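Participant: I would like the atomic coordinates for the input below:
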Amino acid sequence: MFKEFRNFLIGAIGAPLLRLLWLTLRVSIDDHGKLLYRSLEEPAIYAFWHNRMLLLAPFHESKLSNRRCICLISASSDGEMIARVVERFGIKSARGSSSRRGKEALWELAVHLENGTDVAITPDGPRGPRYEAHQGIIGLAQRTGIPVYPVSYIADWKVELGSWDGFMIPLPFSRCKILIGEPLTVARTRTDDEFEAERKRLEAALLELGGETATRSAISVTR
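Facilitator: Numbering: from 1, shown residues only. Here you go, the predicted structure:
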């Protein structure tokens, strides 16, 4: 009973606070992959590091609200709190991770993709290691043939928490750039080495895109 009330309260309070933060940010979008112009009949997979998940929901509501989306979220109690927040932005959740309900969740996501719904995944979540892509997203992309769009953001004023992922929170009124990379079509593989090469290709694309190689001077702002 307490957990249910707690999760409801977090959803009720967290979503408005996140919307308020989004409204204060001076946001620009660098859409190299042309995701904003992708046909509604063509679903996509969004990949973003665990420490960059905060702005996904308000970004989707602001710029991609015409696209249906479901997010893979851990089946843990912490995951339930996240699910309660994102559902208030119109994003559904599939519950599972590499350690719990992973195969069932990936099967569910494959069905949603086949029905035209976008899928959002943190490849290094929910426990890390940080910036290391797990195998699930590669298997999903291979099974469905749907391209993966690397997504990230950089902010000039931010705090990074002491969690395993260094969770990034842009500060109010900071300049923030949403980064969308070129879509990656994951090739079908026959060997473990080929599969690992595809996993590393996605990992490298996310690392190059999202703040690990970008600098503060790269931010140009136009809301």
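
Participant: list the contacts for the residue lying closest to G210 once chain neighbours are set aside?
Facilitator: Excluding its sequence neighbours, the residue lying closest to G210 (CB to CB, 6 or more residues apart in numbering) is S152, at 2.7 Å. All C-beta atoms are positioned from the backbone trio N, CA, C, and that covers glycine. Contacts of S152 were listed using CB atoms under 8 Å, 6 or more residues apart in numbering, and they are F48, W49, R52, I178, L179, G181, L206, L209, G210, G211.

Participant: go again with 6 Å.
Facilitator: F48, R52, L179, L209, G210 (CB atoms under 6 Å, 6 or more residues apart in numbering).

Participant: show me what it is bridged to.
Facilitator: Judged by DSSP bridges, the bridge partners of S152 are L179.

Participant: re the thing from before, nearest to R6, of the contacts of S152?
Facilitator: For the contacts of S152, the residue nearest R6 by CB to CB is R52; the value is 25.1 Å.

Participant: list the contacts for the closest one?
Facilitator: By CB under 6 Å, 6+ apart, R52 lies in contact with S152, Y153.

Participant: look at it and report its pLDDT.
Facilitator: Listed pLDDT for R52 reads 96.

Participant: cool, the one 4 residues further on as well?
Facilitator: As predicted, L56 sits at a pLDDT of 93.

Participant: over to A218?
Facilitator: Note on A218: pLDDT of 39.

Participant: remind me, longest helix of the protein?
Facilitator: helix 2-24 (DSSP state H).

Participant: tell me which residues touch the residue nearest the centre of the chain, please.
Facilitator: Central residue of the chain (CA atoms, centre = their mean): F48, 4.0 Å from the mean position. The contact partners of F48, by CB under 6 Å, 6+ apart, come to V151, S152.

Participant: quick check: it vs S77, distance?
Facilitator: F48 sits 22 Å away from S77, going by CB to CB, to the nearest Å.

Participant: please consider this matter closed, and thank you.
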